[in-house]
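Q: Would you be able to build a 3D model of this:
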Amino acid sequence: MMQDDFNVMDLLDDDAWFEASARREESVDCEALAGYGWGSHLGAVMANPKGYSHFTELRSMVMQAWQQLVTEWDLGIGTEAAEVKGQELVMARLHQPEADIQETLMALLEAKLSKPQGEWEMTETVHTEIRAVFGKVLSQEDWKAIAESTRDSIYAQVLKQELFAVPQASVQSGLSH
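A: Predicted coordinates for the structure are as follows:
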């Protein structure tokens, strides 16, 4: 296979790669963290690569819904900060979700997996259900942290412009010549 044809996602279906990765980790006598930081969870991933694939599908759905929500807020230069902080908090809160949250997310994942590949769409209904999850798992402090990171990003951008501002007297004297 040529280097240009390589697709890292193909590794998810490669049992030999998972086995070789586990042997490498054991040979260095420590956790070899790379990519998603499987670390001590690599064995579980190897034992159930399909489950890991489903996890990545679910994570992708949740992050896509988060990204759409932030985009709708129309935050301009603060969008990236809100996305990053929100993703961090959402993933932390979903690390061990309550049973009702698990049921909701698993039902959404099962609906996606029941469709032939490429035929499932992130409908407004799916977005609405995932947004309801955000409302349940994110605390008021989490929402404030997202707002503060957005504010800080905008503030830094405005201050950066101060460096490029030309004093008003210089502009006026330049126009009179």
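
Q: where along this structure do the strands fall?
A: Under the criterion DSSP state E, the chain contains no strands.

Q: Would you point out the helix or strand in it whose mean pLDDT is lowest?
A: Scoring the helices and strands of the chain by mean pLDDT, DSSP states H and E places helix 168-176 at the bottom, with a mean of 55.

Q: Give me the buried stretch members for stretch 67-84, please.
A: 69-70, 75, 78-79, 81-83 (16 or more other C-beta atoms under 10 Å). All C-beta spots, glycine's among them, are computed from the backbone N, C-alpha and C.

Q: Of those, which belong to helices?
A: Within the buried residues of stretch 67-84, residues falling in helices by DSSP state H are 69-70, 79, 81-83.

Q: farthest-separated two in those residues?
A: By the measure C-beta to C-beta, 69 and 81 form the most distant pair in those, at 14.4 Å.

Q: Quick one: low-confidence residue ranges for the protein.
A: Along the chain, the model assigns pLDDT under 70 to residues 1-52, 165-177.

Q: ok, residue 142 to residue 95 distance?
A: According to C-beta to C-beta, to the nearest Å, residue 142 stands 13 Å off from residue 95.

Q: cool, and residue 116?
A: Taken as C-beta to C-beta, the span from residue 116 to residue 95 is 31 Å.

Q: same deal with residue 77?
A: 30 Å.

Q: try residue 106
A: Residue 106 is 15 Å from residue 95, by C-beta to C-beta.

Q: Kindly report the same for residue 131.
A: Between residue 131 and residue 95 the computed distance is 19 Å (C-beta to C-beta).

Q: Kindly report the same for residue 70.
A: Residue 70 is 21 Å from residue 95, by C-beta to C-beta.
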